[in-house]
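Everything below, folded, please.
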Amino acid sequence: MEKESNGNITENSGKEKAAVRNRSKAYFLIPLAIVAIGVVAAFLIIKTAPQPRKITPQKAVPQVRVEVVRLAKENVTLAAMGTVVPARRLELKARVGGEVVGIHPEFVEGGLIHQGEVILTIDPADYELAVAQKKSRVAEAHYALKLELGHQEVAKREWELLGGGKPASELDLELALRKPHLDKARAEVAAAEAELKQARLDLARTRITAPFNGIVLAKNVEKGTQVGTQEILAELAGTDEYWVQVSLPVDRLGWFNVPRTNGENGASVRIFPDGNQEFHGRVLKLLGDLEEEGRMARVLVTVPDPFGRSSKDKSRRPLLIGQYVRVRIAGKEMENAARIPRSALREGKQVWLVGEDGKLRAREVVVAWREEESLLVREGLNDGDRLVITEMAAPEEGMLVQVVSEPAARISSGQARSGDRYGS
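Sure, this is the predicted structure:
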């Protein structure tokens, strides 16, 4: 009985182990079956999906903008910087001494004074007394002269009566007729009148007037100040005209007109101090030396009415002495030149043109003058050429392009280009 029970137990345990092995195989085969089904499904989807059609891409034609070239007379414009300096500047000095008893209301730094107006008055009392004394001295001299003229008549008659036609030396005759006395009387009259004139000049010099329309740059005295002869009272600068001292490379001097004589007109100049303000002037003269720093030539430009007194615009600001300004000098004309935008030039000497067949053509040009926004080309372009003004990434000779806009030919006489040449 005991053996039978042991045999049953062994048989049961063998069956359980076989069942466990069967379940392990099932767990392993299920994932493999799922993966296999997925692979087959994916393969079937790819095989049965619609296939795209192959289309050969068309090569894109670049679009460019062009400008028609026109050869004409072109004016060169020189851009430079300059400094405003006074055309007239002086130190006002006293020619007589005394106490300052009166000053002009505008006698302050920055005050504007018109020509002929009295700036300062020195106490005239002492000088008025001096004039009265000199007048008395003149009267006495004239009185003495008249007495001597009377003595001359008496002496002449006495000589005629006493001399009786006797011969006499020239010296005796002069003494007898009192000629030295007469010369002395006349000299005293002249000296007295000269002293009176000097006294009147000194009196007039107590009233110090403005020699020209000017602005007060500095003042050194106040009312009540005691001043002496040749003492500096103030510093004035004329306001009818300012100069702009412009620095330019020496090789630019031949491009515009510089007067050789005072009566000759120089090149016209436009001056831009700031913003949209603008003044007009002319080249006045070329200074005779170069700047120590930079070795630049210096040109003086005259600017009339720098305070805008003749302007109807009351908000107009004047030029200021020492102000740094931009200038545009009108240069000489260039025959058969083409004005092109600076952006049209490639690699310093090459431009691109569009031919009648719509293809690019490279051409080398000679640039004669460079301005802020444009160039003047002397050689390399023909009238009617279509110049490419669009930036292109990689242009090639013979590349087909499409012209998207073709503006009318530029006006080469300068009527519509003032902004390009004189841009602020």
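
List the buried residues for stretch 108-116?
111, 113 (16 or more other C-beta atoms under 10 Å). Where you see a C-beta, it was placed from the backbone N, CA and C, and this is true even at glycine.

List the contacts of that stretch.
With contacts defined as C-beta atoms under 8 Å, 6 or more residues apart in numbering, stretch 108-116 is touched by 104-107, 119, 209-219, 236, 239, 307.

quick check: mean pLDDT across it?
Here stretch 108-116 scores 93 as its mean pLDDT.

just stretch 267-283 next, same as before
90.

who touches that stretch?
By C-beta under 8 Å, 6+ apart, stretch 267-283 touches 82, 84, 244, 256-259, 265-266, 299-304, 306, 316-317, 319-320, 323, 325-331, 422, 424.

thinking again about what came up before, where strands are concerned, which of the contacts of stretch 108-116 count?
Counting by DSSP state E, the part of those found in strands is 119, 209, 214, 215, 216, 217, 218, 219, 236.

Closest one to residue 149 out of the residues you listed, please.
Closest to residue 149 out of those is residue 209 (42.0 Å), distances taken as C-beta to C-beta.

Pretty sure the closest one sits against residue 119.
Yes - taking contacts as C-beta atoms under 8 Å, residue 209 lies within contact range of residue 119: 6.5 Å.

Neighbour count for those two, which is higher?
The neighbour comparison of residue 209 against residue 119 (other C-beta atoms under 10 Å) goes to residue 119, with 23 against 16.

From the ones in strands among the contacts of stretch 108-116, list the buried ones, please.
119, 209, 214, 215, 216, 217, 219, 236.

before we move on, back to that, buried ones from the contacts of stretch 267-283, can you make that a ChimeraX selection?
Burial among the contacts of stretch 267-283 is assessed by 16+ other C-beta under 10 Å; the matching ChimeraX selection reads:
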select :82,84,244,256,257,258,266,299,300,301,302,303,306,319,323,325,326,327,328,329,330,331,422
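
who does the strand of greatest length in the chain touch, helix- and strand-wise?
Longest strand in the chain, counting residues (DSSP E): strand 324-341. If contacts are counted by 3 or more C-beta pairs under 8 Å, 6 or more residues apart in numbering; DSSP states H and E, strand 324-341 sits against strand 72-86, strand 241-248, strand 268-272, strand 366-370, strand 374-379.

among those, which is nearest residue 341?
Per C-beta to C-beta, nearest to residue 341 of these: strand 374-379, 5.9 Å.

so the closest one versus strand 324-341, what angle?
50 degrees (axes from the mean of the first three to the mean of the last three C-alpha atoms, to 10 degrees).
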